[in-house]
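Student: here is a sequence with its predicted model. Questions after.
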Amino acid sequence: MTTAVVVVSHSKALADGVKELALQMARSNTSVWAVGGTDDGGIGTSAVAIHDALVDALAAANEAVVLMDLGSAHLNTVMAIEMLDEDLRRRVSMADAPLVEGAVLAVVSAASGDNAQEVRARAEEAREMRKLIYGGINA
């Protein structure tokens, strides 16, 4: 079973950067799609672009897990999923995870052959990741 990861951001550069980082950390050619920005290159998200990325991801993998940055990215992802045929819709899940850390964990998990449920769970573990492991200046 293969699982694709779809990264949705308001910024194309951010989505592409998260994809690049996650793939380097996974040391794999796991299926990752980056979707960001508006059609005219501005800041925002597009339900149509997310839909198209999901269709492509599901053509390459059995399942897909989506990670999003801010609120309207979630809203447009929901709309994109609703635009899919029912059989494709069932193969998509959304992770409630921080974008960067969650994407890295998701892509590493997907590269290990985990199914979408496991990939989503790994991504969501990033919510508990501490930034200041050893205290820090103001800890």
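Tutor: Structure's in. What do you need?

Student: mind listing the strands for the protein?
Tutor: 3-9, 32-36, 63-68, 92-94 (DSSP state E).

Student: and the shortest one, how far out from the chain's middle?
Tutor: In terms of C-alpha atoms, centre = their mean, to the nearest Å, the gap separating the centre of strand 92-94 from the centre of its chain is 9 Å.

Student: for it, what is the average pLDDT?
Tutor: The pLDDT scores in strand 92-94 average 98.

Student: quick one on the thing from earlier: identify whichever of the strands of the chain lies nearest to Tyr134.
Tutor: strand 63-68 (27.5 Å; C-beta to C-beta). Using the backbone N, CA and C atoms, a C-beta is placed for each residue, glycine as well.

Student: report the inter-axis angle for the closest one versus strand 3-9.
Tutor: Going by axes from the mean of the first three to the mean of the last three C-alpha atoms, to 10 degrees, strand 63-68 is angled at 20 degrees with respect to strand 3-9.

Student: of all the strands of the chain, which one is nearest Ala53?
Tutor: Using C-beta to C-beta, these put strand 32-36 closest to Ala53, at 4.3 Å.

Student: so Val35 touches Ala53, yeah?
Tutor: Yes: counting by C-beta atoms under 8 Å, Val35 touches Ala53, with 4.6 Å between them.

Student: now do the shared contacts for these two.
Tutor: Residues touching both Val35 and Ala53 (C-beta atoms under 8 Å, 6 or more residues apart in numbering) are Val6.

Student: export the strands of the chain to JSON lines and tack on mean neighbour count and distance to Glu101?
Tutor: JSON lines is the format used below for these (neighbours: other C-beta atoms under 10 Å; distance: least, C-beta to C-beta, whole Å):
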{"stretch": "strand 3-9", "mean neighbour count": "29", "distance to Glu101": "12"}
{"stretch": "strand 32-36", "mean neighbour count": "24", "distance to Glu101": "15"}
{"stretch": "strand 63-68", "mean neighbour count": "28", "distance to Glu101": "10"}
{"stretch": "strand 92-94", "mean neighbour count": "18", "distance to Glu101": "16"}
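
Student: wait, which of those strands is closest to Lys19?
Tutor: Proximity to Lys19 (C-beta to C-beta) singles out strand 32-36 among the strands of the chain, at 4.1 Å.
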